[in-house]
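[1] Using only what follows, build the 3D model:
(one chain, ligands or ions: 2)
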Amino acid sequence: MTKSKKEIRKQQVEKLSNFAETPLKSTEDQTLLKNIMNSDLLSNCQSVGITSSLTYEVDTSGLIAQLWDLGKDVYLARANDNSERSQDFIYYSYMTKLTKSKFGVEEVSEPDAQINNDLDLIIVPGLAFALDSHQRLGFGGGYYDRFLAKHPGSKTVALVNSKMIFKTAAWKIEATDVPIQTIITPESILSK
Ligand SMILES: Nc1nc2c(c(=O)[nH]1)N(C=O)[C@@H](CNc1ccc(C(=O)N[C@@H](CCC(=O)O)C(=O)O)cc1)CN2
Ligand SMILES: Nc1ncnc2c1ncn2[C@@H]1O[C@H](COP(=O)(O)OP(=O)(O)OP(=O)(O)O)[C@@H](O)[C@H]1O
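    Ligands and ions are numbered 1, 2, ... in the order given. Got it, this is the predicted structure:
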């Protein structure tokens, strides 16, 4: 059954919020972190784009710390407050101050921070992922679809917990939806 993105989004936020109350959520976060660290995805990458996570998303804080330890350049997504719904990736070190955005995520607030939208690897957030097509359902701003269409050179990977997994997309796919190259689940690494 194909539903609207809006319906699946609502269903997923509910499901993921409940999951975040269980101890299995952090167990899976740790497994996903271990899986990406043990993969070869980071070996040829210097610049990595990532988001700071909401409580019901996969926790990215451990991964960011490990990226710093490896000497990678970490850039944090910042949604621009304009009608184009664009986003930029801003340099993020352990010194950088963050402030909560309207949307509730921590973003770099410093106005003169360095922007880099030409990244080696982007860790893409989402609410639901289809394992067959690698399609992704996000929060509905279209920020990542727009960004990835404009920057096709970056490798893309998503960390996907058990509640985000769909065998096949249950939502309607649009022409602008950009599939994610590598999907990491607690059990596997799937590359297209
Ligand atoms: N942790 C995290 N950071 C992230 C994202 C994410 O999914 N997770 N984003 C992934 O893209 C970007 C921000 N995404 C956003 C998505 C929607 C709205 C927003 O204003 N939504 C409107 C309703 C939009 C609509 O349905 O048309 C609202 O909440 O009022 C803002 C930012 C960048 N940072
Ligand atoms: N490259 C694009 N150009 C123009 N419009 C786009 C583009 N990509 C997405 N959109 C539009 O943006 C809106 C939101 O897209 P969608 O529902 O796929 O967001 P999402 O991927 O869930 O959100 P996000 O990327 O912010 O997490 C849709 O109306 C979609 O048609």
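
[2] List the residues that contact K155.
    Contacts were defined as CB atoms under 8 Å, 6 or more residues apart in numbering; by that measure K155 touches 41, 45, 120-122, 181-182. C-betas here are computed from N, CA, C, even on glycine.

[3] I'd like these as a markdown table, with secondary structure and neighbour count appended.
    Below are those laid out as a markdown table (DSSP: H, G, I helix; E, B strand; the rest coil; neighbours: other CB atoms under 10 Å):
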| residue | secondary structure | neighbour count |
| --- | --- | --- |
| L41 | coil | 21 |
| C45 | coil | 18 |
| D120 | coil | 17 |
| L121 | strand | 22 |
| I122 | strand | 27 |
| Q181 | coil | 18 |
| T182 | strand | 19 |
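
[4] From those, pick the one nearest F129.
    T182 (10.9 Å; CB to CB).

[5] Which residue, other than its chain neighbours, is closest to the closest one?
    V157 (4.2 Å; CB to CB, 6 or more residues apart in numbering).

[6] Would you verify that the one you found is located in a strand?
    Yes - assessed with DSSP: H, G, I helix; E, B strand; the rest coil, V157 lies in a strand.

[7] Retrieve the pLDDT associated with D81.
    For D81, the model assigns a pLDDT of 85.

[8] Could you tell me how many residues sit around the residue nearest to it when sequence neighbours are not counted?
    What sits nearest to D81 in space, not counting adjacent residues and going by CB to CB, 6+ apart, is K102, at 7.7 Å. Using other CB atoms under 10 Å, K102 has 8 other residues around it.

[9] tell me, what residue is most central in the chain?
    P125 (2.0 Å; CA atoms, centre = their mean).

[10] G138 versus that residue, what's the distance?
    From P125 across to G138, the span is 7 Å (CB to CB, to the nearest Å).

[11] what is in contact with those two at once?
    By CB under 8 Å, 6+ apart, the residues touching both P125 and G138 are Y144.

[12] for ligand 2, what are the nearby residues on this protein?
    Residues of the chain found near ligand 2, taking CB under 6 Å from any ligand atom as the criterion, are 5, 137-146, 149, 174, 176-177.
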